[in-house]
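>>> Starting from these lines, generate the structure:
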Amino acid sequence: MHLTHVPLRVATGAYILNSGVGKLGADEGTAQFLHGAAAGTYPSLFQDMEPKRFAKVLAFSEIAVGAALLTPKVSATVAGGALAAFGAGLMGMYLKTPSMTLDDGIRPSQEGTAVAKDVWLVGAGLTLLSQGVTGAARSSVKSTRKAARKATKQASKKAAKVSPLGS
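All right, here's what the predicted structure looks like:
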């Protein structure tokens, strides 16, 4: 984990992990509310799922994303991708639920403010994802250059040993 990622990963990871743990014991009313919001937005995925089961799946998903962000061994690319996907799902719900936005379909209504703020999850996820991808590419280029220098150096030594001019 890159040192500059620590504040972002700890803040988002702890927040999402806590949210997931809090949903583990969701009562029937909470489960129905969560399921209703998801099924209304993504009916083909969640309409037939039982509300309590949905709440558990959501809780474990949040716990997994939060844990990935907090685990140093999980790459920025993987953690960022998970966070961006999770945030995109929430933003989809926000944008597809008419009561959450004003008439323009973008700005949040009073009801939508709590979900609209989750746009930061998408931004944080895309930041980690892009830094992970560019960091991996940079690392790959460095490795390739190092290997090329080593091969050139070895080839020069071999040529010097074989060449009559090398003596």
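>>> which regions of the chain lie under the pLDDT threshold?
1, 136-149, 151, 155-156, 159-160, 162-167 (pLDDT under 70).
>>> Can you pull up the most central residue in it?
L83 (2.4 Å; C-alpha atoms, centre = their mean).
>>> What separation do you get for that one and L90?
In this view, L83 and L90 are 11 Å apart by C-beta to C-beta, to the nearest Å. Any C-beta I mention is one placed from the backbone N, CA and C, and that applies to glycine too.
>>> same deal with Q32?
Q32 is 18 Å from L90, where distance means C-beta to C-beta.
>>> Same question for A68.
Applying C-beta to C-beta to A68 and L90 gives a distance of 17 Å.
>>> what's around L95, how many residues?
Look at L95: counted by other C-beta atoms under 10 Å, it has 16 neighbours.
>>> packing partners for the helix or strand that Y94 is a member of?
Using DSSP states H and E, Y94 sits in helix 76-96. Using 3 or more C-beta pairs under 8 Å, 6 or more residues apart in numbering; DSSP states H and E, the elements in contact with helix 76-96 are helix 6-23, helix 28-41, helix 51-70, helix 113-116, helix 119-162.
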